[in-house]
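[1] What would the 3D arrangement of this be:
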Amino acid sequence: MSNGSISVAPEELRSAAAAADAISQDLQQPIATAKRDIEAAGTALKSWPIGPEMERVAHDWGMALDELSKRIGGGDPKSAASRLRRTADGHEYNEELTAQSFRAR
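    Take a look at the predicted model:
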């Protein structure tokens, strides 16, 4: 922002969306490993008093990690990447409408 103006570069928004998609993709393996490890711990401790709690934690953490990945990138309409792409599209659309209104005069 300079002199009170806002400059939006759709290509930068799309680059940020691609980065979010890459981060989400990069998280897939570590998330799968973490879920597998915590589930294994829950199974190993099943007969112990802490076992049921460990299984609940494994379930909750698994869901939270999956949700984290979805919120960052991918095709989910609510993901940061999807919102960045929609913002870029909306900005280009508004720019085109503004340009058309000036050409029509």
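
[2] what does the least confident helix or strand in the chain by mean pLDDT rub up against?
    When the helices and strands of the chain are scored by mean pLDDT, DSSP states H and E, helix 51-72 comes last with a mean of 89. Identification of contacts with helix 51-72 by C-beta atoms under 8 Å, 6 or more residues apart in numbering yields 20, 23-24, 27-28, 31, 34-35, 38-39, 41-43, 45-46, 76, 78-81. Heads up, the C-betas are built off the backbone N, CA and C, glycines and all.

[3] Out of those residues, which end up buried?
    Among those, those classed as buried by 16 or more other C-beta atoms under 10 Å are 20, 24, 27, 31, 35, 38-39, 41-42, 76, 79-81.

[4] what helix or strand does Ala99 sit in?
    Using DSSP states H and E, Ala99 maps to helix 80-103.

[5] Identify all contacting residues around that helix.
    8, 10-11, 13-14, 16-18, 20-21, 24, 71-76.

[6] ok, back up a step: so of the contacts of helix 51-72, which ones are in helices?
    20, 23-24, 27-28, 31, 34-35, 38-39, 41-43, 80-81 (DSSP state H).
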